Each structure stands twice: as structure tokens, then as C-alpha cells.
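Q: task: produce atomic coordinates for the following.
(one chain, ligands or ions: 2)
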Amino acid sequence: MAVIINDTCINCAACIDECPVEAIVDEDDNPTGEEYYYVYPDKCVECVGYHDTPACAEACPTEGCITWDMPFTAENKDFFSGANYLDGHNYGINDADAEMPFRDDISADDRKARKPVVED
Ligand code: SF4
Ligand code: SF4
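A: Ligands and ions are numbered 1, 2, ... in the order given. I've put the predicted structure just below:
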């Protein structure tokens, strides 16, 4: 991904129209079955080329709700494969064409720790 929306989401809809690539779906379309919003990792570009920071997280009123996740790259193919990932879907990052832009100033440790995108 990219970024993850966690279970502190209050389904307020503030984020969805801020996403420049329509990567966010609401609770009715969350493929995990959870009752809150979801970001598709194969669509999210971390707002690279659109904004200085992820627009969804800037708009979100819930502290810590939107966090970093691993970059959607072939190097992390296994992370985004089937049971290893949130929605159980095998995203199949088979070549560089499937990779998504990500912010290289965010460390792997912060991503693994799912650090909030916006911190007070
Ligand atoms: S970081 Fe940007 S591209 Fe990714 S879901 Fe949020 S608004 Fe969309
Ligand atoms: S802005 Fe935050 S709390 Fe509101 S729907 Fe999006 S992720 Fe959930």
C-alpha cells in the first residue's frame, strides 16, 4: 500500500473524496468485511504527484486512524499475497509495471509499525 485505515474509523466520509485516485471505499464495499473504510493497496499512490502528504490522512478527524503500510512493490510481493494481507486477496505484483509510487522518506520500520500518517 500505501496507507491503511484501521478500526478506529468512524465512517465519516471525510477522506473518500480527497483521494485523487479513488483508492478508498466505504464500509459497504470493504473487502475485508469490516464495517469501516478501506484503502486498496494496488490503487493508492500515497498521493505522490498530487499532494505533499496523503490527503486522506490530512482530512481524517480520527487521530491515528490512517497509518503507513508497506510500499506496494515487487519486493513486498509476499506481504500482499493472499492470507498474508488484510483482505486475503493475492494482489500479484509480478513485475515493476504493477508497482505503485510510494514515499521513500518513510522508513520500513515506521511502515511495519503502522505509524500514523499524521501525528499530533
Ligand atoms: S494516500 Fe492519497 S492516494 Fe492513498 S488512499 Fe490516501 S488519498 Fe488516496
Ligand atoms: S476520514 Fe478517517 S474516520 Fe472518516 S471515513 Fe475516512 S478513515 Fe474513517
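
Q: go through stretch 12-25 and flag the buried ones.
A: Using 16 or more other C-beta atoms under 10 Å as the test for burial, stretch 12-25 gives 15, 18-19, 23-25. Glycine gets a C-beta too; all of them are placed from N, C-alpha and C.

Q: could you check how far it is from the centre of its chain?
A: 11 Å (C-alpha atoms, centre = their mean, to the nearest Å).

Q: so R103, which of the three states?
A: Classification of R103 using DSSP: H, G, I helix; E, B strand; the rest coil returns coil.

Q: I figured it hits G49, correct?
A: No: R103 lies out of contact with G49 (C-beta atoms under 8 Å); the separation is 11.0 Å.

Q: more neighbours: which of the two?
A: R103 (18 against 9; other C-beta atoms under 10 Å).

Q: quick one: contacts for the closest residue to the more buried one other than its chain neighbours?
A: In this structure, R103 finds its nearest non-sequential neighbour in E46, 5.0 Å apart by C-beta to C-beta, 6 or more residues apart in numbering. Residues in contact with E46 (C-beta atoms under 8 Å, 6 or more residues apart in numbering) are 2-3, 54, 100-103.

Q: could you single out the nearest of the residues you listed to ligand 2?
A: Comparing the contacts of E46 against ligand 2 with C-beta to the nearest ligand atom places V3 closest, at 9.4 Å.
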